[in-house]
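**Student:** Model the following, please.
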Amino acid sequence: MKSIIPILIFLLFYNISFTQNIKDFNTEFMLRGSFYAKSSIADSLALGGFGTSSNTPKKLKKENNLRKSDLFLKIDNSKEIVVAKSYYGYKFYIVNRSTKTHKFMASDSRLDIVAEAYIDNKWQPIEYLPSSFCGNSYHSLYLKPYEYWEFEIPKFHGSIKTKIRYCLKQGNKEVYSNEIEGSINKTQLSKKEGSQSKGLMDPYND
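**Tutor:** This next block holds a predicted model:
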């Protein structure tokens, strides 16, 4: 018993120290979209060679507290999580409660979805989608009936209090998530995070 006590004390102080270093996500940049997913249906028309993801869809269960019908997006801000061992965030879901399979355009398994903030009486993106100069990057992802994808999103923090939502483009229409209270920095509306291509295997310049 005596040998266990020092271990418990160490774990207690480690946990306190760890949580003290976790903060809300404060950035000056417009982030790159980062919703990566994998289909349970292969895209037979894709050229091939695109970047893949291990984020496979999950099956909805009867106890899932997701009562809406058809396709919808949900920010679950009922409970904070720790993202990348660095900052607080939330779970985010793309859910298909319809009886049809939904198709989405993707670039190296990145879905066409970005965060938006309500600033100056209009919704404005605070994330962007970089363009690939490689045609093989582009393909389709599919979400079958009663499947959903799960993601992690940051809890943004900045000097401007606002509302935040996410926008998914699906063909000619847009699907929006629920809105939550949050805050951002003004530069998130225009100052891109940016990136430099590292070669043919990284076909993105922004």
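**Student:** Buried residues, the longest strand along the chain. List them.
**Tutor:** Using DSSP state E, we find that the single longest strand of the chain is strand 71-83. Neighbour-count burial for strand 71-83, with 16 or more other CB atoms under 10 Å as criterion, is recorded at 71-77, 83. The C-beta positions use only the backbone N, C-alpha and C, and glycine is treated the same way.
**Student:** so who does the most centrally placed residue in the chain touch?
**Tutor:** Centroid check for the chain by CA atoms, centre = their mean gives F35 as the closest residue, at 4.3 Å. For F35, the contacting residues are 94, 110-111, 113, 149, 151, by CB atoms under 8 Å, 6 or more residues apart in numbering.
**Student:** So which of those residues are in strands?
**Tutor:** Counting by DSSP E, these contribute 94, 110-111, 113, 149, 151 to strands.
**Student:** sorry, back to before: out of the buried residues of strand 71-83, who's nearest E179?
**Tutor:** Taking CB to CB as the measure, E179 sits nearest to I75 out of those, at 8.2 Å.
**Student:** list the contacts for the closest one?
**Tutor:** Per CB under 8 Å, 6+ apart, neighbours of I75: 90, 92, 153, 164-166, 177-178, 180.
**Student:** Make a PyMOL selection of the buried ones in the residues you listed.
**Tutor:** Here is the PyMOL selection string for the buried members of the contacts of I75, based on 16+ other CB under 10 Å:
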select buried, resi 90+92+153+164+165+166+177
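**Student:** From the contacts of I75, which land in helices?
**Tutor:** Nothing among the contacts of I75 maps onto helices, per DSSP state H.
**Student:** In JSON lines, list the contacts of I75 along with pLDDT and distance to L45.
**Tutor:** Output for these, formatted as JSON lines (pLDDT from 0 to 100; distance: CB to CB, whole Å):
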{"residue": "Y90", "pLDDT": "98", "distance to L45": "34"}
{"residue": "F92", "pLDDT": "98", "distance to L45": "28"}
{"residue": "I153", "pLDDT": "98", "distance to L45": "30"}
{"residue": "I164", "pLDDT": "98", "distance to L45": "35"}
{"residue": "R165", "pLDDT": "98", "distance to L45": "32"}
{"residue": "Y166", "pLDDT": "98", "distance to L45": "27"}
{"residue": "S177", "pLDDT": "98", "distance to L45": "29"}
{"residue": "N178", "pLDDT": "97", "distance to L45": "33"}
{"residue": "I180", "pLDDT": "98", "distance to L45": "37"}
